[in-house]
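>>> Provided below for reference: sequence and predicted model.
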Amino acid sequence: MQEFVIEAPPARIFFGPGCIKCVGATEIRKLGLHRLLVLGSHRALTGTPALVELQAAIKDLVVGVIQDVEWYNSPEALVDKANEVSSVDADGLLVIGGGSPLGLAKALAQLMSQFSPSRLAIISIPTTYSGSEVTAYHGIHLSADGMPQKFAIRNRVVRPLLVLYDAQLLLGLPRALAISSSFNALAHAFEALWVSRTPSPQSQRAAKMSIETIFKYLPALDTTDQESEEGLEVVNELLHAAYLGAHSLDTEDLGLQHQLAHVLIGTYNLPHAEAHMLLLPHVIHFYEETWAGAGKNTTPLTDIQLPLTSSPMLGMACHVFDFQRTLLRSQPPLNLKDLGLQESDLEGVIDTLIEYDGLSKDPEFPWAKPALLILLQHAWAGDRPLLERHAQSPQVSSVPKVPRVSYLSNDDFRGQDPEAAAKIVARRQGNLLNLDRVLMHAPAVAQGWNAMFGSLRSGLQLIDGRLRELVILRVAVLNRAYYEYFQHYPVLLAEGGTVAEAEALGDWQGEAARGIFGDRDKAVLAYVDEMTRHVQVQQATAETLRAVLPVGNSESYMVELTALCAGYNMVSRFLEALQLTPETTNLAELPHMPVDVGDKR
């Protein structure tokens, strides 16, 4: 049986194009307020006919105007603004826009509620797609250890009493702002899906409808004339989606998305909507991997219906990332680095998040610093989530494995079999791997392994080094063998391979890999796929391969290739069964392993 709690917001909400002109003044007067202070940008207040008419219609109620509000960043600045409100004895704030004006209005309502029993009412007229106007959340800035901190708090007094959603005000909204504020709305909706352990069905339906609507209509901003009826419908639908996303989150708590964003915004001064936009795919990825690691077949994201352009196996994080990149047209900001965050700041962001923001104690989610730092590193670099690991697969590099066999020390390694040890040390040029330290528990195995793979690595006569490493990495991807991938990724680059080739190995036949691999590469990879997945290789696959091999050496080439593929399949199985780990703990040195798009495990 379902269990949930609903806190319905008390606001009166009007929705529809032209509602400012039709009902704006009448509805404001119904509130019974007598002294309004107007907050908004000079452009909106003086350059938008509907808003100019509204101000004229209620001019007897207006006692002051604060234009071009700058976001305050200290308690002292907020107190100065509160003194302005007190000096005109305002009983309400008419907020035009979102962002800074709305944030300031909420902070003022919160602050003044501590000193006066009468509520400082808020009337909100949004001009972006965020949706924050219907929530009881807002951020406050405090200082901790000399550093500014932004904390999100919840108080019913900051909910507007009246919201007027008029799509006509958003016609002509700059494209970049439309995209970033829509992603801010998506952040509200997605967060609402996972933050509560007992979510209400109403909030879940609203959140999913918000997400589906934004995915449907946001691209249409580029394909419709906003002055047309169709264009107005697009804007109206996006505005409705923003409202639904924020409304759904208002009934729940804030989670990792907002807590991490508030650290970036409050302490590192990143722009609000853009920070949410660039964090979102990576936060979704974090949650998807956690659910997958727990063996969950269904998640809060399972039945969202999106107009996907690629395989549904890629996971929601990848689709959100691709959607974002398509809209941004590869123009900055594409990552947190573009917003000015320094790589040296990343660890401090996570420390601040853990220390001050109070992540909820939920046993389902690993609020461990290494996993959170990986999330932030990917958002900082702008990595596509799929390139690290599959969103529906167990985590590969962010969850540390425990080796099932101990790593021998240098002395113990040599003591097991000095002659075999000397040969291995010589082949490794003195740099033993964890693999060697495990193999030497069985010296005969270690010696045979050294001879066989020494030949496969350096004794092949027909397969060049680049293609050899592509084969090995593809085997690693198919078998989810991260240690194998970790060892051979730098070898591929040293042999003339590229990062793009390595990253494309998760979907080498897909649209994104077009032009990356040649005909011989593709024939070899198809052969490797069938050997690894099915053991048997179809005749047509073998003939396609033979057709692109050197005339006169095709049989020798196929023997080398088959031995190479078979050998490194054995390596994968050995490594993964014994859970070998990379020789480094430096996260920056761990490459992102793509995951095979056909992997349904």
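Yep, it's here. Residues are numbered from 1 along each chain as shown.

>>> From here on, just use CA atoms for contacts and neighbour counts.
Noted.

>>> Give the burial count for residue 61, as a bare number.
Other residues near residue 61 come to 18 when the count uses other CA atoms under 10 Å.

>>> Which secondary structure element is home to residue 246?
Assigned by DSSP states H and E, residue 246 falls within helix 229-250.

>>> Could I get the buried residue list for that helix?
231-250 (16 or more other CA atoms under 10 Å).

>>> For this protein, which segments are assigned as strands?
12-15, 36-40, 62-67, 92-96, 121-125, 137-144, 147-154, 162-165 (DSSP state E).

>>> residues making contact with whichever helix or strand comes after the first one?
Spelled out, it's strand 12-15. Counting by DSSP H and E, the element after strand 12-15 in chain order, helix or strand, is helix 19. Contact with helix 19 is made by 164, 165, 166, as judged by CA atoms under 8 Å, 6 or more residues apart in numbering.

>>> what about residue 260, how many neighbours?
Neighbour count for residue 260, taken as other CA under 10 Å: 23.

>>> er, residue 522 I mean
17.

>>> which residues sit in contact with residue 59?
No residues are in contact with residue 59 under the rule CA under 8 Å, 6+ apart.

>>> That one and residue 37: what is the separation?
Per CA to CA, to the nearest Å, residue 59 is found 11 Å from residue 37.

>>> ok, now which ones touch residue 379?
278, 279, 282, 335, 336.

>>> Correct me if wrong: residue 21 contacts residue 54.
Yes. At 6.9 Å, residue 21 counts as touching residue 54 under the criterion of CA atoms under 8 Å.

>>> Same drill for those two, tell me which one is more crowded.
residue 54 (19 against 16).

>>> Report how many residues lie close to the residue nearest to that one when sequence neighbours are not counted.
The shortest distance from residue 54 to any non-neighbouring residue, by CA to CA, 6 or more residues apart in numbering, is to residue 25 (6.2 Å). Using other CA under 10 Å, residue 25 is surrounded by 17 other residues.

>>> which regions of this protein sit below the pLDDT cut-off?
For the chain, the stretches with pLDDT under 70 are 1-10, 68, 70-74, 138-154, 251-252, 308-314, 356-366, 386-401, 585-588, 599-601.

>>> biggest helix in it, by residue count?
helix 554-578 (DSSP state H).

>>> The contacts of helix 19, buried ones only, as a PyMOL selection?
Selection of buried members from the contacts of helix 19 for PyMOL, criterion 16+ other CA under 10 Å:
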select buried, resi 164+165+166
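
>>> re earlier: list the contacts of the residue nearest to residue 54.
Per CA under 8 Å, 6+ apart, neighbours of residue 25: 54, 57, 58.

>>> got the CA positions of stretch 513-522 in CSV?
C-alpha atoms of stretch 513-522 as CSV (Å, rounded to 0.1, in the frame of the first residue of the first chain):
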residue,chain,number,x,y,z
ALA,A,513,31.8,6.4,-34.7
ARG,A,514,31.3,7.1,-38.4
GLY,A,515,34.6,7.9,-40.0
ILE,A,516,36.7,6.8,-37.1
PHE,A,517,37.5,3.2,-38.2
GLY,A,518,38.6,2.0,-41.6
ASP,A,519,37.3,-1.1,-43.4
ARG,A,520,40.0,-3.4,-42.0
ASP,A,521,39.4,-2.1,-38.4
LYS,A,522,35.7,-2.8,-38.8
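
>>> residues of it that come out buried?
513, 517, 520, 521, 522.

>>> from the middle of its chain, how far away would stretch 561-572 be?
35 Å (CA atoms, centre = their mean, to the nearest Å).

>>> Residues in contact with that stretch: which ones?
By CA under 8 Å, 6+ apart, the list of residues contacting stretch 561-572 reads 453, 456, 463, 468, 471-472, 475-476, 479, 481, 484, 528, 531-532.

>>> So which of those residues are in helices?
Going by DSSP H, the helices hold 453, 456, 468, 471, 472, 475, 476, 479, 484, 528, 531, 532 from these.

>>> From residue 477, how far off is the last one?
Remark: distance between residue 532 and residue 477 (CA to CA) = 11 Å.

>>> Using PDB, write out every CA atom in stretch 465-474.
Only the C-alpha atoms of stretch 465-474 are listed here, as PDB (Å, rounded to 0.1, in the frame of the first residue of the first chain):
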ATOM      1  CA  GLY A 465      50.600  -2.100 -32.800                       C
ATOM      2  CA  ARG A 466      47.600   0.200 -33.100                       C
ATOM      3  CA  LEU A 467      45.200  -2.500 -34.300                       C
ATOM      4  CA  ARG A 468      46.600  -5.000 -31.800                       C
ATOM      5  CA  GLU A 469      45.700  -2.600 -29.000                       C
ATOM      6  CA  LEU A 470      42.300  -1.900 -30.400                       C
ATOM      7  CA  VAL A 471      41.600  -5.600 -30.300                       C
ATOM      8  CA  ILE A 472      42.800  -5.900 -26.700                       C
ATOM      9  CA  LEU A 473      40.700  -2.900 -25.600                       C
ATOM     10  CA  ARG A 474      37.600  -4.100 -27.400                       C
END
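
>>> Any idea how far it is from the middle of the chain?
30 Å.

>>> mind listing what's buried in that stretch?
465, 466, 467, 468, 469, 470, 471, 472, 473, 474.

>>> Looking at the residues you listed, which is nearest residue 80?
residue 473 (60.8 Å; CA to CA).

>>> tell me the contacts of residue 121?
Residue 121 neighbours (CA under 8 Å, 6+ apart): 91, 92, 93, 109, 157, 158, 160, 161.

>>> how about those residues in JSON lines, adding distance to residue 342 and neighbour count?
Output for the contacts of residue 121, formatted as JSON lines (distance: CA to CA, whole Å; neighbours: other CA atoms under 10 Å):
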{"residue": "91", "distance to residue 342": "43", "neighbour count": "20"}
{"residue": "92", "distance to residue 342": "41", "neighbour count": "27"}
{"residue": "93", "distance to residue 342": "38", "neighbour count": "28"}
{"residue": "109", "distance to residue 342": "35", "neighbour count": "24"}
{"residue": "157", "distance to residue 342": "37", "neighbour count": "20"}
{"residue": "158", "distance to residue 342": "34", "neighbour count": "27"}
{"residue": "160", "distance to residue 342": "37", "neighbour count": "30"}
{"residue": "161", "distance to residue 342": "41", "neighbour count": "19"}
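
>>> Out of those, the closest to residue 380 would be?
residue 158 (32.6 Å).

>>> Could you check what's spatially nearest to the closest one, not counting adjacent residues?
Nearest one to residue 158, counting by CA to CA, 6+ apart, is residue 106 at 4.9 Å.

>>> how far away is the one you found from residue 69?
Distance of residue 106 to residue 69, given as CA to CA: 13 Å.

>>> of these two, who's got more company?
Applying other CA under 10 Å to residue 106 and residue 69 shows that residue 106 carries more neighbours, namely 28 against 16.

>>> How much space separates that one from residue 81?
For residue 106, the distance to residue 81 - CA to CA - is 12 Å.

>>> do residue 194 as well
36 Å.

>>> Quick check on the two: which one has the bigger neighbour count.
Using other CA under 10 Å as the criterion, residue 194 and residue 81 rank with residue 194 on top: 21 against 17.

>>> Just list the residues touching that one, thanks.
residue 300.

>>> Would you map the helices across the stretch 51-200 of the chain?
Per DSSP state H, counting those that start in this stretch, the stretch 51-200 of the chain carries helices over the ranges 75-87, 99-113, 175-194.

>>> and stretch 317-329, how far from the chain's centre?
10 Å.

>>> Pull out the buried positions in that stretch.
317, 318, 319, 320, 321, 322, 323, 324, 325, 327, 328.

>>> so what's the fourth one closest to, chain neighbours aside?
If I follow you right, that is residue 320. Nearest to residue 320 is residue 281, by CA to CA, 6+ apart, at 5.8 Å.

>>> sorry, back to before: alpha carbons only: can I get the helix holding residue 246 in CSV?
Below are the C-alpha coordinates for helix 229-250, written out as CSV (Å, rounded to 0.1, in the frame of the first residue of the first chain):
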residue,chain,number,x,y,z
GLU,A,229,0.5,30.6,-32.8
GLU,A,230,2.6,27.5,-33.0
GLY,A,231,5.6,29.3,-31.5
LEU,A,232,3.5,30.7,-28.6
GLU,A,233,2.3,27.1,-27.9
VAL,A,234,5.9,25.9,-27.7
VAL,A,235,6.8,28.6,-25.1
ASN,A,236,3.6,28.0,-23.2
GLU,A,237,4.3,24.3,-23.0
LEU,A,238,7.8,24.9,-21.7
LEU,A,239,6.6,27.3,-19.1
HIS,A,240,4.0,24.7,-17.9
ALA,A,241,6.7,22.0,-17.8
ALA,A,242,8.9,24.3,-15.7
TYR,A,243,6.0,24.9,-13.3
LEU,A,244,5.4,21.1,-13.0
GLY,A,245,9.0,20.3,-12.3
ALA,A,246,9.3,22.8,-9.5
HIS,A,247,5.9,21.9,-8.1
SER,A,248,6.9,18.3,-7.9
LEU,A,249,10.2,19.1,-6.1
ASP,A,250,8.4,21.4,-3.7
